[in-house]
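A.B. asks: Sequence isn't available, so here's the structure alone:
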């Protein structure tokens, strides 16, 4: 069978993928980083043995993190991406011409370096002049920012390792402070099959800070359970009240203006996580 | 690590699950049947080494196969399930009081036998007096039926092995004949990540026969890619035009009346499969 990568997504369940070759493997200052070529998913970035992104299915995550909040905001100019060193969210953000400046704050410079080298279709816009890349701690950047951003996207790893601070109530308070008065943020919040407690807790924390709090989902086949959630917090603008004329034609493979609304319609067991 | 089951969902990708014990393994007249207890998903039925259903996630598939067409039809009385020997679709069908008779035509009696024994929460309604169980060839049953059913659900295995006839244009023509003048059918039609050609072909075939043809999706974590499609063909009734008053309270974990509509809103790359 040759070389296969296996990720234990829970103690008792996982995915396995045939690996054609390993481009790079390294223990960075923050995490284990592997860049491999898989037969099914193209090039794949692993952090601490978890799939972060693949060439074949990356579009789902990146489109859904970026376009839902960016179309919810009527005129997003200043955008912050926390994490996201592979550059996929930035690529999608730049499709919105209203965005003058997109700041990427990634804690691990190695993620940026190897994404540029082995995931050029994802990371290719990191050198765009509208982008400012900072290798720094996103938690600290948020703490130091005040009314600076229209939209903040938290494209983090799981709440273990370097991202553990990014799933705390204090972080969401900091985000509220870092956003302008009509700002919006979205964070990836894992899957409802194995991490229901996390989703429930984050939703509760965010809802105590943001007047408009909503959960939406997308299908990401290389992530645990294939069903991913995103928690959106907004000071004013409601993602379900976006007017039809706000949408413009986008080159996407997953997101559509219809799916913008439908992605907030949750399976009952997921909807239940948003209730007391 | 002990015993793990691995399903190669494609040549180069799969899932793996820890197995606590094997209850039964057998080569039936039609396929290899394994019933195992997994640590993550509870009891699990495998046919030809593919996951058919598990105690933990079965509700998604069974609710979405049953309730979408049954709420689309204004008054379903006579229902046919082709395949579905585990009894999960039947259990959901019986939640509709209008249904007087539900016929299950399963080709492999062993699936019924071992589901009753090891999946009682799924198969428990197969002995209900409103249910008629026939161990027979669904293709033949369809060929012999005329204007007999309000709703037909095709709960088949993949288009290899015993189910190969159930993915042909001739079968869909037979279904049209077996349905009453305002009948509806739905078939599981695999996933858009690895089987896009199949979905495109089935959609095309069904659309040539049924005036109303629609694709909808659901998240099933133990099925390839986690995103499953269902193709619905209807002679008159449109699933997107169901009136709010048609819905009644149901004990479900996935399906809701809102999700009924949202499940037809497709990711762009899936929507594209329904176009020429």
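C.D. replies: Perfect, I can see it now. All figures in this text were calculated on a predicted structure; none of them were measured in a lab.

A.B. asks: The helix or strand harbouring residue A:61 near chain B at all?
C.D. replies: Assigning secondary structure by DSSP states H and E places residue A:61 in helix A:58-72. Yes: counting by C-beta under 8 Å from any C-beta of the partner chain, chain B has neighbours in helix A:58-72: residue A:60. C-betas here are computed from N, CA, C, even on glycine.

A.B. asks: any idea how far that helix is from the chain center?
C.D. replies: 8 Å (C-alpha atoms, centre = their mean, to the nearest Å).

A.B. asks: Tell me which residue of chain A lies closest to chain B.
C.D. replies: residue A:226 (1.6 Å; C-beta to the nearest C-beta).

A.B. asks: quick one: that residue from residue A:192, how far?
C.D. replies: Per C-beta to C-beta, to the nearest Å, residue A:226 is found 11 Å from residue A:192.

A.B. asks: Tell me how chain A divides into domains.
C.D. replies: A:4-53, A:58-274 (automatic domain parsing).

A.B. asks: Okay, now the first one: how far is its last residue from its first?
C.D. replies: Translated: domain A:4-53. 17 Å (C-alpha to C-alpha, to the nearest Å).

A.B. asks: Can you confirm whether that domain lies near chain B?
C.D. replies: Yes: Domain A:4-53 is in contact with chain B by C-beta under 8 Å from any C-beta, via A:6, A:10-18, A:38-41.

A.B. asks: what about that domain, distance to the chain center?
C.D. replies: The answer for domain A:4-53 is 18 Å, by C-alpha atoms, centre = their mean.

A.B. asks: Repeat that for stretch A:52-67.
C.D. replies: That offset, for stretch A:52-67, works out to 8 Å (C-alpha atoms, centre = their mean).

A.B. asks: Quick one: mean pLDDT over it.
C.D. replies: Stretch A:52-67 carries an average pLDDT of 98.

A.B. asks: contacting residues around the residue of chain A closest to chain B?
C.D. replies: Residues near residue A:226 by C-beta atoms under 8 Å, 6 or more residues apart in numbering or on different chains: A:191, A:219-220, B:219-221, B:225-227.

A.B. asks: hey, where'd the helices end up in the stretch 51-200 of chain A?
C.D. replies: Ranges of helices in the stretch 51-200 of chain A, per DSSP state H, counting those that start in this stretch, are A:58-72, A:88-93, A:109-118, A:120-123, A:138-144, A:169-178, A:196-207.

A.B. asks: Distance from the fifth one to the middle of the chain?
C.D. replies: Chain-centre distance of helix A:138-144: 17 Å, with C-alpha atoms, centre = their mean.

A.B. asks: who touches residue A:63 in this structure?
C.D. replies: A:92, A:252-255.

A.B. asks: Please name the spatially closest residue to it (chain neighbours excluded).
C.D. replies: Counting by C-beta to C-beta, 6 or more residues apart in numbering or on different chains, residue A:255 is the residue found nearest to residue A:63 once chain neighbours are left out, at 4.2 Å.

A.B. asks: What strand or helix carries that neighbour?
C.D. replies: Here residue A:255 is assigned to no helix or strand, by DSSP H and E.

A.B. asks: Surely residue A:206 and residue A:233 touch.
C.D. replies: Yes: Residue A:206 is within contact range of residue A:233, at 4.5 Å (criterion: C-beta atoms under 8 Å).

A.B. asks: Report the next helix or strand after the strand of greatest length in chain A in sequence order.
C.D. replies: Of all segments of type strand in chain A, defined using DSSP state E, the longest is strand A:13-27. For strand A:13-27, the succeeding helix or strand toward the C-terminus, using DSSP H and E, is strand A:32-38.
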